[in-house]
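[1] Coordinates only, no sequence provided:
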């Protein structure tokens, strides 16, 4: 039973959930955590014919309808597709909080999130920086990271949703080492001896201090420590060539120092099939790898491909977690 959070109601989340159901891309037992009234309104706007089954608990799911755990937070009058709204931002956060707590209680096997708008959510939750950090806080975890995965490239991140100057400050050896370990643990679910590359922070990985000292001062000691612990890891590698090496098969994953360093190559190579996974949590969480796309919201143009990929990933992880007894060691 996978809980799918509806995302910001003014974005493409509701449309994608409906489209995925029509295309029979939702696993049996999957249900949307959101607002049934919003989905009904979206159905009318898009002229779609789908039966909604309002449920109070996952066991009430039916195969012949789109199952919705209706939180009743929004009314049709509050919906304005393509706009930033405090109401829809707050509701989107509550969908995520509810689904996360359900996963922690074992009421669903995993959690897959549709996109929220950070600016909208910050209107009710100041300082909100994204799904990953929000879910980790609810889970009580501080050692976690974001993984983006597709058939062509896998990347993890030392930092994500922070200003670039703050991202540079967060490149410290303990954090870099922790992300290397999280990456290795995840990859070992299906690769016997993962090969991990660590991207440098500065151009040419600092070129021996010519363009910055972080690479030799913080990143290299973290790599050397991981090697002593038996992890196959190289670096710091020049950021402008390391992804080419990964795509060619030299590495199984790349540890990136900040958000865009990992996101840009991922979205260039495989935008629709990319999956966002949070490592280091006691629950399984995957997500689409795109935003709310306010410019095309509720127009029947949004693709459900990334949602399907995220759901497939969640199913694979859930199956492996049941075998191993641990979400942290799930075969992804």
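    All right, it came through fine. Just so you know, these numbers come straight off a predicted model, no measurement behind them.

[2] how about the residue lying farthest from the centre of the chain, what does it touch?
    Relative to the C-alpha centroid of the chain, counting by Cα atoms, centre = their mean, residue 210 is the outermost residue, at 35.4 Å. Residue 210 is in contact with residue 204, counting by Cβ atoms under 8 Å, 6 or more residues apart in numbering. Heads up, the C-betas are built off the backbone N, CA and C, glycines and all.

[3] distance of the spatially most central residue of the chain from residue 257?
    Closest residue to the average C-alpha location of the chain: residue 276 at 3.0 Å, with Cα atoms, centre = their mean. Distance, residue 276 to residue 257, using Cβ to Cβ, to the nearest Å: 18 Å.

[4] for residue 313, what are its contacts?
    Residue 313 neighbours (Cβ under 8 Å, 6+ apart): 149, 275, 277, 286, 332.

[5] again, but for residue 38
    Here residue 38 is in contact with 6, 9, 14, 74, 76, 79 (Cβ under 8 Å, 6+ apart).

[6] Chain neighbours aside, what residue packs nearest to it?
    residue 9 (4.6 Å; Cβ to Cβ, 6 or more residues apart in numbering).

[7] Surely that neighbour touches residue 89?
    No - contact criterion Cβ atoms under 8 Å: residue 9 and residue 89 do not qualify, at 9.4 Å.

[8] neighbour count winner among those two?
    Counted by other Cβ atoms under 10 Å, residue 9 and residue 89 do not tie: residue 9 has more neighbours, with 33 against 24.

[9] Can you tell me the SS state at that one?
    At residue 9, secondary structure determined by DSSP: H, G, I helix; E, B strand; the rest coil is coil.

[10] For it, give its distance to residue 96.
    13 Å.

[11] again, but for residue 71
    11 Å.

[12] So between these two, which is more surrounded?
    Higher neighbour count among residue 71 and residue 96: residue 96, with 26 against 15, using other Cβ under 10 Å.

[13] Which pLDDT value goes with that one?
    pLDDT recorded at residue 96 is 97.

[14] Which positions are bridged to the residue lying closest to it once chain neighbours are set aside in the beta structure?
    Setting aside the residues directly before and after it, residue 96 is nearest to residue 5 in space (Cβ to Cβ, 6+ apart), at 5.1 Å. Applying DSSP bridges to residue 5 gives these bridge partners: residue 33, residue 113.

[15] about what we covered before: next, show the common contact partners of residue 71 and residue 96.
    Contacts common to residue 71 and residue 96, judged by Cβ under 8 Å, 6+ apart, are absent.

[16] For the protein, which segments count as strands?
    2-5, 31-34, 52-55, 66-70, 110-113, 145-149, 154-157, 195-199, 232-237, 253-256, 275-279, 285-288 (DSSP state E).

[17] And residue 310, how far from residue 16?
    10 Å.

[18] no, scratch that, I was asking about residue 291
    Counting by Cβ to Cβ, the gap between residue 291 and residue 16 amounts to 12 Å.

[19] same deal with residue 208?
    47 Å.

[20] higher neighbour count, these two?
    Neighbour totals were compared for residue 208 and residue 16, and residue 16 leads with 26 against 10 (other Cβ under 10 Å).

[21] correct me, but the more buried one touches residue 305?
    No - using Cβ under 8 Å, residue 16 is not in contact with residue 305, being 9.5 Å away.

[22] quick one: stretch 91-98 to chain centroid distance?
    15 Å (Cα atoms, centre = their mean, to the nearest Å).

[23] For residue 270, give me its contacts.
    150, 151, 152, 153.

[24] Can you name the two of those residues that sit furthest apart?
    Distance extremes for these: the farthest pair is 151 and 153 at 8.4 Å, using Cβ to Cβ.

[25] thinking again about what came up before, show me which of the contacts of residue 270 are buried.
    Neighbour counting by 16 or more other Cβ atoms under 10 Å classes 150, 153 among the contacts of residue 270 as buried.

[26] out of the contacts of residue 270, which one sits closest to residue 241?
    For the contacts of residue 270, the nearest to residue 241 is residue 153 (13.9 Å; Cβ to Cβ).

[27] Need the pLDDT of residue 318.
    For residue 318, the predicted pLDDT is 69.

[28] meant to ask about residue 59, not that
    At residue 59, the predicted lDDT confidence score is 89.

[29] Distance check, it against residue 172.
    46 Å.

[30] The two: who's more crowded?
    residue 172 (16 against 9).

[31] ok, the more buried one touching residue 219?
    No - between residue 172 and residue 219 there is no contact under Cβ under 8 Å: 9.3 Å.
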